[in-house]
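S.K.: no sequence for this one, just the structure:
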Ligand SMILES: CC(=O)N[C@H]1[C@@H](OP(=O)(O)OP(=O)(O)OC[C@H]2O[C@@H](n3ccc(=O)[nH]c3=O)[C@H](O)[C@@H]2O)O[C@H](CO)[C@@H](O)[C@@H]1O[C@H](C)C(=O)N[C@@H](C)C(=O)N[C@H](CCC(=O)O)C(=O)O
């Protein structure tokens, strides 16, 4: 991610003061805080992060070699002798990245009304809806989600759903420089767990709902929930909007020590969903708020988005926006790419490309698909990501039983055997009435599903949504080792091919 022009520099002693550690023997200005030696520029402060695969302390010499003028370290004994640069010793470099990153970015969050959005499903859509409800030409609201960073018509690609803290605060500075007075930030549980959102005070935190996920990182559902619950502590947010349609959300609302606006279908909700429906034209809810009722619409497709829409509406109103203005704004907010994305062509099945990658989200996406073509059949193209969350695969297979036809395929094996991944998905489908076929080449699977489906059917392609890199090589996504592959593009080509074949 290209970095903006360098700031004039901040005294290293100011960084020490922000981190409450002794000042350096030698003071000097530092420009940016960087945690990757491959991205250091002259004048940077290099944070020596100890990770699962590398230790920044062992990379300090390389960082100094390309211009780092000072180091943040929590294992100074691991640093090579004679580096000749001041070292700020901290208890934890990871814990320092937020406060120091904010300072060196100019504390942009102090000039923004920040809203954080977390939850198991719907974070990106809810964040996009909320930013759309808050955004005004004269008072921009920035948006930072899995899809990338955006403010007004400016966009920036990002690598993580929630970037590392120094990158996050630089992106907030980038938004302020382009007129943002607010920012909606999608908060992944992993980011919360490792401290990427530290030093990011929010006016409001939104919880979209809960389903076990990322257990390969968090270990237990309790730990996963606790990582999200951190966002609702008084030192992290002033208020909360919580969807309470399931027990974990209710528990969060009960335990949060900040004012909570409860959203959901229950009679105890402050913003109660009386009715909800979704179809090809979008999603609509009827909300009961006190004595009043509000009918709210969005072009976003998917029954799962009824509570996301209600939460976004409640959050914008909680932040002081006029309810009628919020309702009007939401009517024009379209889904982020790859979330309930519809592709259609004359005489061809309807194709839906969605990000669903948990059993609950898949079940919801299948309900939506069936609702979109009530008289048709549902053809599901399903895979599971390699090298993570293996425990989810049988549950995904079980959720897939609601489809009429299931095409099991590769979704990026990341060093695993694609056939073994598919075999785990197939366990959930044992005894199912659905027709089940395995086609490991994803392009072939999507093309075959589109080719075989009837004109009144739906083809639902899940798991990757907007993503454009498909990787079978081990390790984190690396553009140099991944194939460029966008589900929507492949589905569109399949529809075009079907039209050409029909003459
Ligand atoms: C589990 C996790 O969060 N891992 C992140 C973490 O990796 P790590 O701690 O293992 O770091 P490492 O690779 O050992 O490197 C340690 C340090 O050495 C540095 N380094 C490394 C190599 C080098 O040549 N020079 C160098 O300086 C690295 O920049 C890093 O600071 O720090 C790395 C550098 O910032 C991240 O790239 C990496 O994200 C990986 C790619 C990842 O896949 N993260 C996923 C799990 C993630 O965070 N996902 C959530 C969304 C989940 C969801 O909702 O779907 C997200 O917010 O994106």
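M.R.: Good, I have the coordinates. Since this is a predicted model, take the numbers as computed values, not measurements.
S.K.: tell me the residues of this protein that contact the ligand?
M.R.: 35-38, 49, 51-54, 56, 59, 160-162, 164, 188, 190-191, 194, 476 (CB under 6 Å from any ligand atom). Where C-beta positions appear, they are placed from N, C-alpha and C, glycine not excepted.
S.K.: can you tell me which of those are in helices?
M.R.: 190, 191, 194 (DSSP state H).
S.K.: count of neighbours near whichever residue of the chain sits closest to the ligand?
M.R.: Nearest residue of the chain to the ligand, counting by CB to the nearest ligand atom: residue 51, 2.3 Å away. If you count neighbours by other CB atoms under 10 Å, residue 51 ends up with 10.
S.K.: can I see the domain layout of this structure?
M.R.: Domain ranges of the chain: 10-91, 108-330, 341-502, per automatic domain parsing.
S.K.: can you name the residues that contact the closest residue in space to residue 27 that isn't next to it in sequence?
M.R.: Spatial nearest neighbour of residue 27, excluding adjacent residues (CB to CB, 6 or more residues apart in numbering): residue 13 at 4.7 Å. Each residue near residue 13 by CB atoms under 8 Å, 6 or more residues apart in numbering is listed here: 23, 24, 27.
S.K.: separation between residue 13 and residue 86?
M.R.: Look at residue 13 and residue 86: by CB to CB, to the nearest Å, they are 10 Å apart.
S.K.: which residues do these two both contact?
M.R.: 24, 27.
S.K.: break down the stretch 1-150 of the chain into its strands, ranges please.
M.R.: 10-11, 29-30, 33-34, 45-47, 70-73, 87-89, 113-118, 140-145, 148-151 (DSSP state E, counting those that start in this stretch).
S.K.: most packed of these?
M.R.: strand 45-47 (a mean of 29; mean count of other CB atoms under 10 Å).
S.K.: who does it touch, helix- and strand-wise?
M.R.: Under the contact definition 3 or more CB pairs under 8 Å, 6 or more residues apart in numbering; DSSP states H and E, strand 45-47 sits against strand 33-34, helix 60-65, strand 70-73, helix 93-104.
S.K.: tell me which strands that strand pairs with, and in which orientation.
M.R.: Looking at strand 45-47 with DSSP bridges, its partner strands are strand 33-34 (parallel), strand 70-73 (parallel).
S.K.: starting at the chain centroid, how far to the longest one?
M.R.: It refers to strand 70-73. Taking the mean C-alpha point of strand 70-73 and that of its whole chain, the gap between them comes to 30 Å (CA atoms, centre = their mean, to the nearest Å).
S.K.: run through who's touching the strand or helix carrying residue 353.
M.R.: Secondary structure assigned from DSSP states H and E places residue 353 in strand 350-354. For strand 350-354, contacts defined as CB under 8 Å, 6+ apart pick out 280, 301-302, 338-344, 361, 365, 368-369, 372-373, 376, 450, 457-462, 465, 487-488, 491, 494-495.
S.K.: list the buried ones in that strand?
M.R.: 350, 351, 352, 353, 354 (16 or more other CB atoms under 10 Å).
S.K.: all strands for the stretch 401-503 of the chain, in order.
M.R.: Using DSSP E, counting those that start in this stretch, strands in the stretch 401-503 of the chain cover 405-408, 435-438, 458-462, 469-470, 483-484.
S.K.: so which of those strands is the most surrounded?
M.R.: Scoring the strands of the stretch 401-503 of the chain by mean count of other CB under 10 Å, the most buried comes out as strand 458-462, with a mean of 28.
S.K.: show me the shaky parts of this protein.
M.R.: Within the chain, the stretches with pLDDT under 70 are 1-7.
S.K.: in it, which helix is the longest?
M.R.: From DSSP H, the single longest helix across the chain is helix 487-502.
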